[in-house]
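>>> what shape does this take:
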Amino acid sequence: MESQLKRRILWLLLGAVALIVLLVYWNSRKPVSRVSVVRAARENLTATIFSNGKVEPITPHSLRARYATFVEKVLAVEGQRVKRGQVLLVLDANEARADLAHAREQLLAAEDDLRAARAGGRPDDRARVEGDLRKAELERDRLRKERQSLERLLAKQAATQEELDQNWIALEGAEADYRRLLKASQEFASRTQLGAERAQLLAGQFRSQVRDFEQKVRSAQVTAPVDGTLYSLPVRAGDFVKVGDSLAEVADLRRVRVRAFIDEPDLGGLEPNQSVEITWDALPNRIWWGSAEQIPKQVVARGNRSVGELLCAVANDKLELLPNTNVNVRIHLHERQNALVIPRGAVQIEGNRRFVFVVEDGGLSVGSSRLHKREIKIGIASAANYEVLDGLHEGETVALPGDTELLDGERVRVVQAG
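Model (predicted):
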């Protein structure tokens, strides 16, 4: 009995030692990492760029104040559909009308002066100058004839030398008067010519003023330049506006432009006429479609981004997209039918090379499998997937990165990605 008991105790001790050794062995083994995996599969792939943008009218018409005044009446409301020529608001034009009346009076006076100058001067002034010159000329001619007569009579001793001397003195005075009046006549003609030029210049200035004041008076009635939507009306009745202040903005919004801000690394894939999808957070269930029109020609700073501005024409038949709203932009670059794709997260980049970790031996079983690092060649990309051109076959399993680093040759326990 004693020997049997000893044998039992010995076996129990050996079993305990074996259990301890086994526990130590299991605890010393490196744990097997768990990784999520997916299969390479075929599907239709669309390469896209996601960005943001702003809605703009294609042909905006900005109506601005031509002079400083008060807003008298507002006859429309923002967002209203308007017809060409429809009065939107009325400005106070009393001062402009007074200025117009005064400018017209000045223009009439200048035109009257111009007509008189072109006719040789005002009739009364011209008649006086010409009359005085004519009388001086007649008096000079009379004295010249008298001198000739006295000289003949003196030769016949029928006149005296004293009479001839008196005639000579009178003739010198008449000659001097004639020269003075002739010079005055010439100066009058010169002044008349200068007056004509001055009157013509003044008439032109006053005509310009009249046209300007007429335009101001007409602009007091602010009208719609085209059929469209009154999308901005920043003034109210009684507001004071300065020259150049915005009064209203009108445009046909059935077709709008979206200015999309594309990050610099994505600019290389842009081409004209690419399909553009627009969404707006304010109307989350609506999609607007358009096309790329003008490709960016330069990169500009926008906040902390370097972007190119892509102009897109977008249909807006229901007039739901409003100018200056911020929208989401999705640009469809390329499409592939039945492309072999894997998630973007499964691809690792080393310089210009692309790699995946292919799961071998274990497939999708719950047992352990081994990773094999393999280089692949990729094509187009969507927001979630890459197209695989070479290096991977349909149905092969690739690992997705997780909490632990993936290593070539590592044994792993796999779970299928949800």
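>>> and stretch 100-107, average pLDDT?
Mean pLDDT, stretch 100-107: 86.
>>> only the buried residues of it, if you could.
Neighbour-count burial for stretch 100-107 flags 100, 103-104, 106-107 (criterion: 16 or more other C-beta atoms under 10 Å). Just so you know, the C-beta spots here come from the backbone N, C-alpha and C atoms, and that holds for glycine as well.
>>> and of those, the nearest to Ser275?
Using C-beta to C-beta, Leu100 comes nearest to Ser275 of those, at 55.4 Å.
>>> and the next element down the chain from the helix or strand bottoming out on mean pLDDT in the chain?
Within the chain, no helix or strand scores below helix 2-28, which has a mean of 63 by mean pLDDT, DSSP states H and E. Sequence-wise, the next helix or strand downstream of helix 2-28 (DSSP states H and E) is strand 33-39.
>>> which secondary structure elements does that next one contact?
Secondary-structure packing of strand 33-39 (3 or more C-beta pairs under 8 Å, 6 or more residues apart in numbering; DSSP states H and E): strand 397-400, strand 411-416.
>>> average pLDDT across the first one?
Spelled out, it's strand 397-400. 90.
>>> equivalent analysis for the last one, please.
If you average the pLDDT over strand 411-416, you get 78.
>>> one step back: among the helices and strands packed on strand 33-39, which is the most enclosed?
Across these, averaging neighbours per residue (mean count of other C-beta atoms under 10 Å) puts strand 397-400 on top, at a mean of 20.
>>> packing partners of that one?
strand 33-39, strand 353-360, strand 411-416.
>>> which of the ones you listed has the lowest mean pLDDT?
Per-stretch mean pLDDT for the helices and strands packed on strand 397-400 is lowest at strand 411-416 (a mean of 78).
>>> hey, C-alpha coordinates of it in PDB?
Extracted in PDB, the C-alpha atoms of strand 411-416 (Å, rounded to 0.1, in the frame of the first residue of the first chain):
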ATOM      1  CA  ARG A 411       1.900  34.900 -39.100                       C
ATOM      2  CA  VAL A 412      -1.500  36.500 -38.400                       C
ATOM      3  CA  ARG A 413      -5.000  35.500 -37.500                       C
ATOM      4  CA  VAL A 414      -7.400  37.100 -40.000                       C
ATOM      5  CA  VAL A 415     -10.900  38.400 -39.800                       C
ATOM      6  CA  GLN A 416     -12.900  39.600 -42.700                       C
END
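>>> run me through the strand neighbours of that strand, direction for each.
strand 33-39 (parallel), strand 368-381 (antiparallel) (DSSP bridges).
>>> so the residue nearest the centre of the chain, which of the three states?
Centroid-nearest residue in the chain, with C-alpha atoms, centre = their mean: Glu56, separated by 8.8 Å. At Glu56, secondary structure determined by DSSP: H, G, I helix; E, B strand; the rest coil is strand.
>>> so what sits opposite it in the bridge?
In beta-bridge terms (that is, DSSP bridges), Glu56 pairs with Arg257.
>>> give me the distance between it and Leu253.
With distances taken as C-beta to C-beta, to the nearest Å, Glu56 is found 10 Å from Leu253.
>>> mutual contacts of these two, please.
Listed as contacting both Glu56 and Leu253 by C-beta atoms under 8 Å, 6 or more residues apart in numbering are Pro323.
>>> for Leu91, find the nearest of the strands paired with strand 411-416.
Closest to Leu91 of these, according to C-beta to C-beta: strand 368-381, at 56.9 Å.
>>> give the pairing partners of the next helix or strand after that closest one; include direction for each.
From strand 368-381 onward toward the C-terminus, using DSSP H and E, the following helix or strand is strand 385-390. Paired with strand 385-390 in the same sheet, following DSSP bridges, are strand 326-343 (antiparallel), strand 368-381 (antiparallel).
>>> which of those comes out lowest on mean pLDDT?
strand 368-381 (a mean of 87).
>>> Serialize the strands paired with strand 385-390 to JSON lines and add fields for mean neighbour count and distance to Phe213.
As requested, those are exported to JSON lines (neighbours: other C-beta atoms under 10 Å; distance: least, C-beta to C-beta, whole Å):
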{"stretch": "strand 326-343", "mean neighbour count": "18", "distance to Phe213": "43"}
{"stretch": "strand 368-381", "mean neighbour count": "17", "distance to Phe213": "64"}
